[in-house]
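**Student:** build me a model:
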Amino acid sequence: MTSMSAMAGFRDSSQTMSLVAFTTVATLTLLLCVLTGPDRDGLDEFYTGYGSLSPLRNGLAIAGDYISAASVLGTGGVIALYGYDGMVLALSTALSLMLLMFLLAEPLRNAGRFTMGDAFARRMPGRSVRMVACAVTVTALMPLMLVQLAGAGQLLAFILGFSSESLQTGCIIGLGALMISYAAIGGMKGTALIQILKIVMLIGSGAVIAVLVLQRFHWDLGLFFDTAARRSGAGTAFLHSGLQFAGGPSPRLDMISSQLTVVLGGACLPHITMRMYTASSARQVRRSMSWAVSSVALFVVIVTVVGFGATALVGRAAIARADPQGNTAYLLGSRAVFGADVSTAETLLFTAVTTAVFLTLLASVAGMILACANSLAHDVFAARVEEMPVRREMTLARYSALAVGVPAIVLATLIQHRGLQPLVTLSFCLGASAIAPALVYSLFWRRYTRTGLLSTLIGGTLGVLLLMPGTNLVSGSPAAAFPGADFNWFPFTTTGLVTIPLGFACGWLGTVASGRQKEEEQRRRYEAMEGSILAGAVRRGEGAQNDRRKSPA
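**Tutor:** Residues are numbered from 1 along each chain as shown. Below is the predicted model:
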């Protein structure tokens, strides 16, 4: 989100209304966290909310965590600029959650207790596994956090009419402090309720805008898409695949790489997988995921209509001028549907849309900070001692939120005026290349060893970090993070086509290198707990760290 000047004509009254709405939302959500926050002795309550959320509420919370600002603004922008390719990207996000639902959700819930490190240590106990899991968690989520934080500050600065850089930086710092408070005070239950509020507002306001967009074209989908194609400047190519990657050396392979990265990486990011532990049973996981997938599917329809509507009503050239990445398209489309004269009711509706986007940014970062803080406190600090008091771990978790959030705020202020798309892609690539292979192997491969697990996590992560700087998102194009430089040597926009197979290969090689004895030992260990992991036959009781203590009721 860079420039939103194309919307500068919006009336001053809407800025006042937005300020009131944002202040009210921030106050109410913070109050919600205070009221629902865990007791000092409630470790399970802080990490999982005691599994007290119903499947509907838990499903909405999962969908809320999954639909980040990158999904709302980024995907909406790709749809508005590239048409069909953007729609495929939106569908890939829904497919990713379905993959998690059918393949990983239940075994993950059965294997873990609080964090991704728990799920890995269930089979392979040890500090090294937990520390590497924590490092990968923070590495995968920090880039996405920075994007949301920088975007939240810029959105708030625009809506409130701030133009100076110092005021925008102040917005980022203030919002960052608010997000840290959400995670530290509310824990899992508090952030879940914010996610629920966010997803209801986002889908509710978006659905109304989508209906108004279609009404502008008399519900004639043919006219709707034809107008979007005509105003895109690309003609019928706008409605066919290939426009987004047309300038690259291998457009088809580039598109496959991008979709593969989104499908495998999106739902495997730690702030999504941690929601699996909030369900009290395998049946609750299935029902929660059904609600989550339904909510995300509805959002995909909404963002597709609003994205195409933005192109049809505003024009692709105007969207690209406002922001080369198209991140303003969702708001531009929402604004354009009202026409030149805006009534008070329409101003209220647009304020609801901007508030929903604002809350999306807040909630997304709060969930990511919580996932990193939980892993840091539980997998690194608590794992160092045999028996850590519950109150001390709770305190550590809250300080960990501060330890993660403060560097994120500082980095977000430093990068706020650069192209942020490489950071979003980096997070998804890490999820697809390191976390997804590690989860699949540890949950389903009997012979998988500790060396194999560490090789998967470290090898997949290093592969992404080495290849990502060579993509055209970082340099070599006008929309890159460094448009004036050109060290673009990697032929694809994402690293997935290379690093996903690399992650799986590293796991296999590490396991083979462990030797027959280690493989057999792991096979016997896995078979002893297979029924528990795959069918939930035993309630998460095994694992050195999982049974370490129980929280008081």
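**Student:** mind listing the strands for this protein?
**Tutor:** With DSSP state E as the definition, the chain shows no strands.
**Student:** shaky segments in it?
**Tutor:** For the chain, the stretches with pLDDT under 70 are 1-14, 37-45, 48-52, 157-163, 340-343, 385-386, 536-553.
**Student:** quick one: the residue nearest to residue 508 when sequence neighbours are not counted and residue 442, what's the gap?
**Tutor:** Closest residue to residue 508 apart from its sequence neighbours, by Cβ to Cβ, 6 or more residues apart in numbering: residue 452 at 7.1 Å. Yep, even glycine has a C-beta here, placed from its N, CA and C like the rest. Relative to residue 442, residue 452 is positioned 9 Å away (Cβ to Cβ, to the nearest Å).
**Student:** try residue 126
**Tutor:** Taken as Cβ to Cβ, the span from residue 126 to residue 442 is 13 Å.
**Student:** with neighbour numbers in mind, choose between those two.
**Tutor:** residue 442 (26 against 16; other Cβ atoms under 10 Å).
**Student:** got a list of what the nearest residue to residue 241 once chain neighbours are set aside touches?
**Tutor:** Spatially, and ignoring its direct neighbours in sequence, residue 241 is nearest to residue 84 (5.4 Å; Cβ to Cβ, 6+ apart). Contact analysis of residue 84 by Cβ atoms under 8 Å, 6 or more residues apart in numbering lists 238, 239, 240, 241, 243.
**Student:** could you report the neighbour count for the third one?
**Tutor:** Which is residue 240. Neighbour number of residue 240 under other Cβ under 10 Å is 13.
**Student:** how near is the residue lying closest to it once chain neighbours are set aside to residue 408?
**Tutor:** Closest residue to residue 240 apart from its sequence neighbours, by Cβ to Cβ, 6+ apart: residue 84 at 5.6 Å. Residue 84 sits 35 Å away from residue 408, going by Cβ to Cβ.
**Student:** how about residue 283?
**Tutor:** 36 Å.
**Student:** give me the more crowded residue out of these two.
**Tutor:** The neighbour comparison of residue 283 against residue 408 (other Cβ under 10 Å) goes to residue 408, with 26 against 12.
**Student:** contacts only, for the residue nearest to the more buried one when sequence neighbours are not counted.
**Tutor:** Among residues not flanking residue 408 along the chain, residue 145 sits closest, at 4.8 Å (Cβ to Cβ, 6+ apart). Applying Cβ under 8 Å, 6+ apart, we find residue 145 in contact with 365, 368, 369, 408, 412.
**Student:** one more time with 6 Å, if that's ok
**Tutor:** 365, 368, 408 (Cβ atoms under 6 Å, 6 or more residues apart in numbering).
**Student:** among those residues, which are in helices?
**Tutor:** Of the contacts of residue 145, the ones assigned to helices by DSSP state H are 365, 368, 408.
**Student:** how about those residues in a markdown table, adding distance to residue 509?
**Tutor:** Conversion of the ones in helices among the contacts of residue 145 to a markdown table gives the following (distance: Cβ to Cβ, whole Å):
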| residue | distance to residue 509 |
| --- | --- |
| 365 | 36 |
| 368 | 31 |
| 408 | 34 |
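**Student:** closest one to residue 250 out of those, please.
**Tutor:** For the ones in helices among the contacts of residue 145, the residue nearest residue 250 by Cβ to Cβ is residue 368; the value is 32.6 Å.
**Student:** for residue 473, see how far away that closest one is.
**Tutor:** From residue 368 to residue 473 the distance is 21 Å (Cβ to Cβ).
**Student:** neighbour count for these two, which is higher?
**Tutor:** Between residue 368 and residue 473, counted using other Cβ under 10 Å, the more crowded position is residue 368 (31 against 25).
**Student:** which ones are touching that one?
**Tutor:** 141, 145, 271.
**Student:** who's in contact with residue 435?
**Tutor:** Counting by Cβ under 6 Å, 6+ apart, the residues that residue 435 touches are residue 268.
**Student:** how about a cut-off of 10 Å?
**Tutor:** 116, 133, 136-137, 140, 264-265, 268-270, 273, 456-457, 460-461, 503 (Cβ atoms under 10 Å, 6 or more residues apart in numbering).
**Student:** out of those residues, name the ones that lie in helices.
**Tutor:** 116, 133, 136-137, 140, 264-265, 270, 273, 456-457, 460-461, 503.
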